[in-house]
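Peer 1: Provide a 3D model corresponding to the input given below.
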Amino acid sequence: MMQILEVLNSSKSVVFTGHSLGGALASLSALWLLSIAQNISPSINVLCITYGSPMLGNESFSQAILQERWAGNFCHVVAQHDIVPRLLFAPASPFVAHLRALFEFWQLTMSSLVFKQLASQLSYENNAELLDKVLACAEERSRSGCDGRGGRSFWPFGSYMFCTENGAICLDNTTAIVKLLYLMLAKGSAESCVYDHLMYEDYVGKVCWQFLRRKSSAELPYFPESSNEVGIALALQSSGIASQEPAYGTARNCLAMARKLGCKRNLNNAKMAVSLAKISPLRAQIEWYKAFCDSSDDQLGYYDWFKRRTASKERSKVNMNRIRLGQFWDELINMLEMNQLTHDFHKQPKYVNASHFYKLLVEPLEIAEYYRTEMHKKKGHYIEHGREKRFKIFDKWWRDRKVGNEESNPRSRFASLTQDSCFWARVEEARENIYHITGEMDSGRRSFFLDKIEKFDRYAREMIERKEVSVDVLAKNSSYNLFKEECKELKAKMQLLPPHCLEIF
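Peer 2: Numbering: from 1, shown residues only. A predicted model of the protein is given here:
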């Protein structure tokens, strides 16, 4: 792992590959790197390609990877009859001894072709029995996949590229993947299911050659781009399933379903773009409200004006817009987690920037509403106990974006929106810490609260120096200025305490 961390310092991309059990290790390593990359190097690109790898987890595991938007980082190459990618559909306990012999044979054969003679030592009957059991379990799993049965069983994640002598098919719909894992293995034999595990170099070489040949050929047949039937027919041809075979109809329906879902994701992308445009007036009205508050004679600023608001038509409208914008983004996130949008949707600059602007503009209102209704007394402070999941997701999107050089330039004037959307929640916590100190007699607890106050005070001053706050932070009657005044009063009261308690001031 230390070697991987060293690579991160000199590379923008990391590719993991592995064959057989090594593919499972490659997937686990890629998942580990993806889980820590957001804290170490958010812009790093991670790709994992496996060859004949067994599956790793169940449907919940697969769904978790989808929700993290990592499925597009994995491509699992599967040979037509290779039994290993389907192996975990069946219980392993009856075949432990035979599986050990199989993996020893594969390992020795890959190290030297001389060891192919060991194949005679493998029991044909055991191979056939194993194949029959895996086929039966794979068939059952392919039938139960759509209705959610068998949640503890193994289930694919990422994209699968099925390779045959005729070409390759790439799918990312897990239900379709499970069906093809069964249908393509059903044509195999006790021998081919073993030897196909050793044929990945040949399969991938042929697929690459076919791709290059078609790309350079001047005699390509013309098919209209909208020809759905032609696309499915070509995919079936690549699968090696002939039209006269009983499985042809099932395979065709499977590919048609996968293609339809893929098209539906693109259609959903387009619908979300329209919906995003429709909510722009709601956002614009809140922007107008902020400008009005910041220029008000009350000198409260955006946050405190909304927090201390009284009933009025305009303020009710702003509150309703806040709720409607939250509903839009919650719906978008739900569609992402249900795999109803393309896997790279969250990386599109339009949505990264729009979600970030929404967070900076609206989260201060969420915080104001939280403390106005005194939810902090019931649930605890906002950042830890009240922050909506969408804002945490948008934080990650913003961290993972590609950063331009212009973002490192110093500001010449204050930001239009405070760059820490949780700034006001930190103010509220700091003010409550001051309140706790006034009645705290325990010196340890007092030092704890003083330390937290000092850290926030330093953090806020640094943000102001970098001009990363909006003018509402500096408003005369804002909560932040009240915090500063309360700090001065606390300092005066602390004069009677021992010197070490005053060091932070």
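
Peer 1: please count neighbours and contacts with C-alpha atoms only from this point.
Peer 2: Noted.

Peer 1: same question for stretch 133-140, mean pLDDT?
Peer 2: What stretch 133-140 shows for mean pLDDT is 90.

Peer 1: list the buried ones in that stretch?
Peer 2: Across stretch 133-140, burial judged by 16 or more other C-alpha atoms under 10 Å covers 133, 134, 135, 136, 137, 138, 139.

Peer 1: TSV please, covering those residues and showing secondary structure and distance to residue 484.
Peer 2: TSV is the format used below for those (DSSP: H, G, I helix; E, B strand; the rest coil; distance: C-alpha to C-alpha, whole Å):
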residue	secondary structure	distance to residue 484
133	helix	72
134	helix	70
135	helix	71
136	helix	71
137	helix	68
138	helix	67
139	helix	69
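
Peer 1: buried sites along stretch 291-299?
Peer 2: So for stretch 291-299, counting by 16+ other C-alpha under 10 Å, buried means 291, 293, 294, 299.

Peer 1: oh, that last question was meant for stretch 428-447, not what I typed.
Peer 2: 428, 429, 430, 431, 433, 434, 437, 446, 447.

Peer 1: ok, the buried residues of stretch 291-299 vs residue 398, which is closest?
Peer 2: Checking the buried residues of stretch 291-299 against residue 398 with C-alpha to C-alpha, the nearest one is residue 291 at 25.0 Å.

Peer 1: separation between that closest one and residue 95?
Peer 2: Distance from residue 291 to residue 95, counting by C-alpha to C-alpha, to the nearest Å: 72 Å.

Peer 1: where does the prediction get shaky in the protein?
Peer 2: By pLDDT under 70, the low-scoring segments of the chain are 1, 41-42, 112-124, 145-152, 214-230, 311, 404-408, 439-441, 495-505.

Peer 1: centroid residue for it?
Peer 2: residue 68 (2.1 Å; C-alpha atoms, centre = their mean).

Peer 1: residue 34 versus that residue, what's the distance?
Peer 2: Residue 68 is 9 Å from residue 34, by C-alpha to C-alpha.

Peer 1: now do the domain split for the chain, please.
Peer 2: Annotated domains of the chain cover 52-265, 279-501 [automatic domain parsing].

Peer 1: for residue 45, find the nearest of those.
Peer 2: Closest among the domains of the chain, using C-alpha to C-alpha: domain 52-265, at 8.5 Å.

Peer 1: what is the end-to-end distance of the closest one?
Peer 2: With C-alpha to C-alpha as the measure, domain 52-265 spans 28 Å from end to end.

Peer 1: neighbours around residue 9, how many?
Peer 2: When neighbours are defined as other C-alpha atoms under 10 Å, residue 9 has 10 of them.

Peer 1: and residue 206, by the same measure?
Peer 2: Residues contacting residue 206 under the criterion other C-alpha under 10 Å number 18.

Peer 1: elements contacting the strand or helix carrying it?
Peer 2: Using DSSP states H and E, residue 206 sits within helix 200-216. Judged by 3 or more C-alpha pairs under 8 Å, 6 or more residues apart in numbering; DSSP states H and E, helix 200-216 is in contact with strand 159-164, strand 167-171.

Peer 1: which residues touch that helix?
Peer 2: The contact list for helix 200-216 (C-alpha atoms under 8 Å, 6 or more residues apart in numbering) reads 51, 52, 79, 163, 164, 165, 167, 168, 220.

Peer 1: following it, which helix or strand comes up?
Peer 2: Where DSSP H and E defines the elements, the next helix or strand beyond helix 200-216 is helix 228-239.

Peer 1: centre of the chain to stretch 476-486, how far?
Peer 2: Between the centre of stretch 476-486 and the centre of its host chain there is 39 Å, according to C-alpha atoms, centre = their mean, to the nearest Å.
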